[in-house]
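*Asks:* A predicted structure for the sequence below; I have some questions about it.
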Amino acid sequence: MTHVSSGMALLFLFYPLRWLLRGLSWKWALKAGTLLGTLHARCWRDRLYRQLRDGMRTVWGDVLTLADLERQVRRHLIIRYKHLIDGFFYHTLDATRTAHWVPAIDGRCHLDSALARGRGAIILASHFGSLGMLLAALVFRGYRLYQVFTLTPSPHHRTWGWIERAIMRAKVRCWPRDRIELAFWRPGTYLRPLYRRLCAGDVVVLYGDGARGQQFTRVPFLGHSLSLSVGPFKIAARARVPLIPAFIVRQADDRHRLILAPPIVLCDDAPASLQHGAAQYAAQLARYVVAYPEHWFTWARLRRHQDANGAVLAFARADVDRAQFYREAQRQGV
């Protein structure tokens with residue numbers, strides 16, 4: 001029944017919407033994102049809406065009023081719909097259009113300096129802003145990228161799973177294949193291809209605020225303790241490459257500002273070193289979340305937990321049978 005309902009939704013909602021909006025210019029199609037996000041916030045307070053509101057309340061419950069929370073959720077949904085609509089136009093991107101939508105890269109010198117040493121670098125992205133436009137900004141400026149997606153079950157808040165899969169397939173088809181490779185990694189499998197890419201001087205893109213990992217550390221974040229996976233930091237330490245936090249911000253005219261922060265350099269992979277690197281990243285993430293809270297997609301899976309060491313914020317994972325998920329992924333050839 002789930003496959004049937006998803007197929008019907010694609011047939012009668014997603015594809016007509018994409019067809020209609022692609023008949024407009026990219027700029028005008030994004031105006032529909034404002035309308036759709038506003039309608040969603042005011043007329044359809046579904047599970048996603050509630051998860052977003054609860055995530056923000058977990059962090060700022062003592063600061064924001066209910067009206068403030070609802071306003072922030074509405075702004076977030078507008079950004080989310082615009083991000084969806086951006087995906088309808090990724091296939092049209094080239095160097096000229098990318099330069100229009102992402103006019104400049106602040107801190108580009110950090111990446112160039114790291115690559116000049118003869119090894120690669122890790123772009124430490126977040127679920128913040130448009131990753132697609134971040135990738136395009138780098139690819140169409142000549143960088144070779146190796147983007148790693150963790151192949152895991154979708155979090156339970158994702159009510160648009162069928163849309164996201166269609167968008168992902170569109171993204172994979174539209175990038176220049178000689179300058180970017182999109183890899184889907186299953187937890188527990190070898191990371192040798194990733195290390196080989198770094199040794200070859202490529203730029204590897206990893207998420208810093210992912211929910212998956214085998215080892216976590218606690219870091220300060222917006223007045224709370226946040227549990228972060230040390231995976232990206234351990235990879236950087238062992239490969240002897242810097243991590244460069246990257247944030248992309250949608251501006252009022254719907255163009256994007258890409259910021260590459262100063263690199264995080266780890267001396268070794270000792271627990272204290274990994275914790276220090278994670279704390280540096282968390283401080284950068286907190287800075288941009290405070291400035292642009294509507295850009296952080298992770299609100300919907302932020303939870304507070306209590307354990308022997310006290311309260312901690314963590315990112316929710318999907319509560320599904322992982323073995324069944326991977327069997328299905330293998331069957332579909334992912």
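*Replies:* On my side now, so go ahead.
*Asks:* any regions of the stretch 1-150 of the chain where pLDDT drops low?
*Replies:* 1-14, 149-150 (pLDDT under 70).
*Asks:* next one: phi and psi at residue 67?
*Replies:* Phi and psi for residue 67, reported as degrees, to the nearest 10, are phi -60, psi -40.
*Asks:* gap between residue 222 and residue 288?
*Replies:* Per C-beta to C-beta, to the nearest Å, residue 222 is found 11 Å from residue 288. Using the backbone N, CA and C atoms, a C-beta is placed for each residue, glycine as well.
*Asks:* residues near residue 102, how many?
*Replies:* Burial of residue 102 is recorded as 22 neighbouring residues (other C-beta atoms under 10 Å).
*Asks:* leaving out chain neighbours, which residue sits closest to it?
*Replies:* Leaving aside its sequence neighbours, residue 102 sits nearest to residue 137 (C-beta to C-beta, 6 or more residues apart in numbering; 3.9 Å).
*Asks:* please tell me how far the one you found sits from residue 18.
*Replies:* Counting by C-beta to C-beta, the gap from residue 137 to residue 18 is 23 Å.
*Asks:* just residue 179 next, same as before
*Replies:* Residue 179 is 26 Å from residue 18, where distance means C-beta to C-beta.
*Asks:* so between the two, which is more surrounded?
*Replies:* Comparing residue 179 with residue 18 by other C-beta under 10 Å, the one with more neighbours is residue 18, at 21 against 16.
*Asks:* looking at this, the more buried one is in a helix?
*Replies:* Yes: according to DSSP: H, G, I helix; E, B strand; the rest coil, residue 18 belongs to a helix.
*Asks:* now do the contacts for it.
*Replies:* Going by C-beta atoms under 8 Å, 6 or more residues apart in numbering, residue 18 touches residue 88.
*Asks:* so how far is residue 40 from it?
*Replies:* Distance from residue 18 to residue 40, by C-beta to C-beta: 17 Å.
*Asks:* with residue 103 instead?
*Replies:* Applying C-beta to C-beta, the value for residue 103 to residue 40 is 30 Å.
*Asks:* what does residue 29 give?
*Replies:* According to C-beta to C-beta, residue 29 stands 17 Å off from residue 40.
*Asks:* in stretch 237-244, what's buried?
*Replies:* For stretch 237-244, a neighbour-count test (16 or more other C-beta atoms under 10 Å) marks 237, 239, 241, 242, 243, 244 as buried.
*Asks:* now render these as CSV, adding secondary structure.
*Replies:* Below are the buried residues of stretch 237-244 laid out as CSV (three-state DSSP):
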residue, secondary structure
237, helix
239, helix
241, coil
242, coil
243, strand
244, strand
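*Asks:* nearest residue to the middle of this structure?
*Replies:* For the chain, the residue nearest the mean C-alpha position is residue 127 (2.7 Å; C-alpha atoms, centre = their mean).
*Asks:* correct me, but that residue touches residue 296?
*Replies:* Yes: using C-beta atoms under 8 Å, residue 127 makes contact with residue 296 at a distance of 6.7 Å.
*Asks:* so where does the residue lying closest to residue 282 once chain neighbours are set aside fall, helix or strand?
*Replies:* The shortest distance from residue 282 to any non-neighbouring residue, by C-beta to C-beta, 6+ apart, is to residue 219 (4.2 Å). Element membership of residue 219 [criterion: DSSP states H and E] is strand 216-221.
*Asks:* which residues sit against that strand?
*Replies:* 225-230, 271, 274-275, 278-279, 281-283, 285-286, 309, 312-313.
*Asks:* ok, back up a step: quick one: which of the buried residues of stretch 237-244 is nearest to residue 199?
*Replies:* Nearest to residue 199, judged by C-beta to C-beta, of those is residue 239 at 7.2 Å.
*Asks:* phi, psi for the residue nearest to that closest one when sequence neighbours are not counted please.
*Replies:* The shortest distance from residue 239 to any non-neighbouring residue, by C-beta to C-beta, 6+ apart, is to residue 198 (4.5 Å). Backbone torsions for residue 198, taken as degrees, to the nearest 10, come to phi -60, psi -40.
*Asks:* quickly note the distance from residue 198 to residue 120.
*Replies:* 4 Å.
*Asks:* what is in contact with those two at once?
*Replies:* By C-beta under 8 Å, 6+ apart, residue 198 and residue 120 have these common neighbours: 204, 239, 241.
*Asks:* OK, contacts around the last one?
*Replies:* The contact partners of residue 241, taken as C-beta under 8 Å, 6+ apart, are 114, 119, 120, 121, 122, 198.
*Asks:* make a ChimeraX selection of the buried ones in those.
*Replies:* Listed next is the ChimeraX selection for buried residues among the contacts of residue 241, using 16+ other C-beta under 10 Å:
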select :114,119,120,121,122,198
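*Asks:* closest one of the contacts of residue 241 to residue 49?
*Replies:* Closest approach to residue 49 among the contacts of residue 241 (C-beta to C-beta): residue 122, at 34.0 Å.
*Asks:* thanks a lot, see you next time.
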